[in-house]
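Participant: okay, sequence plus prediction incoming.
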Amino acid sequence: MTSISFFELGVEDAEKGRAFYGAMFGWEFATGPSGKGFVIDTPGGTPGGMHPGDKGAWPYLFFTVDDMDAALAKVVELGGTISDEFPEDSPENIQRFGRFKFCKDDQGSPFGVHQPPSA
């Protein structure tokens with residue numbers, strides 16, 4: 001079963017975003033792995049992230065996959081594309097957060113795939 005495993009919000013100013021979304025939804029924030037944004041802890045349990053420098057962006061939704069390489073091959077097989085905007089991160093971050101890739105479907109609509117870290 002595939003579910004939404006992670007969401008990412010792009011904002012112009014991460015501190016202002018933290019103030020807004022924290023007050024709006026009661027979310028808690030911790031400094032993100034890049035040191036420029038935040039990891040978001042939601043009461044519903046779906047983790048999120050916030051990155052600065054992305055004014056007017058829409059939320060990115062990441063869907064859980066068991067095998068990142070197989071999922072990326074399937075995207076291409078179905079006519080979608082894989083973005084290199086989100087390069088592989090350090091082994092420490094992969095161990096902590098898992099692997100993420102931005103993709104577009106065969107019509108150009110963006111989505112992401114997320115392979116959670118191994119237990």
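Facilitator: Sure thing, it's come through.
Participant: doesn't Asp105 make contact with Phe111?
Facilitator: Yes. In this structure, Phe111 is within contact of Asp105 by Cβ atoms under 8 Å, at 6.6 Å. Backbone N, C-alpha and C define where each C-beta goes, glycine included.
Participant: now do the helices in the protein.
Facilitator: For the chain, the helices defined by DSSP state H cover 14-25, 68-77, 91-97.
Participant: how close does Gly22 get to Lys74?
Facilitator: Separation of Gly22 from Lys74 (Cβ to Cβ, to the nearest Å) stands at 37 Å.
Participant: now do Gly49
Facilitator: From Gly49 to Lys74 the distance is 24 Å (Cβ to Cβ).
Participant: between the two, which one's more packed in?
Facilitator: Neighbours per residue, other Cβ atoms under 10 Å: of Gly49 and Lys74, the larger number sits with Gly49, 21 against 14.
Participant: and for the more buried one, nearest residue in space, chain neighbours not counted?
Facilitator: Glu8 (4.7 Å; Cβ to Cβ, 6 or more residues apart in numbering).
Participant: contact partners for the one you found?
Facilitator: Shown in contact with Glu8 (Cβ atoms under 8 Å, 6 or more residues apart in numbering): Gly48, Gly49, Met50, His51, Pro59, Tyr60, Phe62, Gly112.
Participant: can you rerun that using 7 Å?
Facilitator: Gly48, Gly49, His51, Pro59, Tyr60 (Cβ atoms under 7 Å, 6 or more residues apart in numbering).
Participant: if any of those residues are buried, give me the PyMOL selection for them.
Facilitator: Buried residues among the contacts of Glu8 (16 or more other Cβ atoms under 10 Å), as a PyMOL selection:
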select buried, resi 48+49+51+60
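Participant: may I have the helix or strand bottoming out on mean pLDDT in the chain as CSV, with CA atoms only?
Facilitator: Counting by mean pLDDT, DSSP states H and E, the chain has its least confident helix or strand at helix 91-97, which shows a mean of 84. Provided in CSV are the C-alpha atoms of helix 91-97 (Å, rounded to 0.1, in the frame of the first residue of the first chain):
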residue,chain,number,x,y,z
PRO,A,91,24.9,8.8,4.1
GLU,A,92,24.0,10.2,7.5
ASN,A,93,21.0,12.0,6.1
ILE,A,94,19.9,9.0,4.1
GLN,A,95,20.2,6.9,7.3
ARG,A,96,18.1,9.4,9.2
PHE,A,97,15.5,10.6,6.6
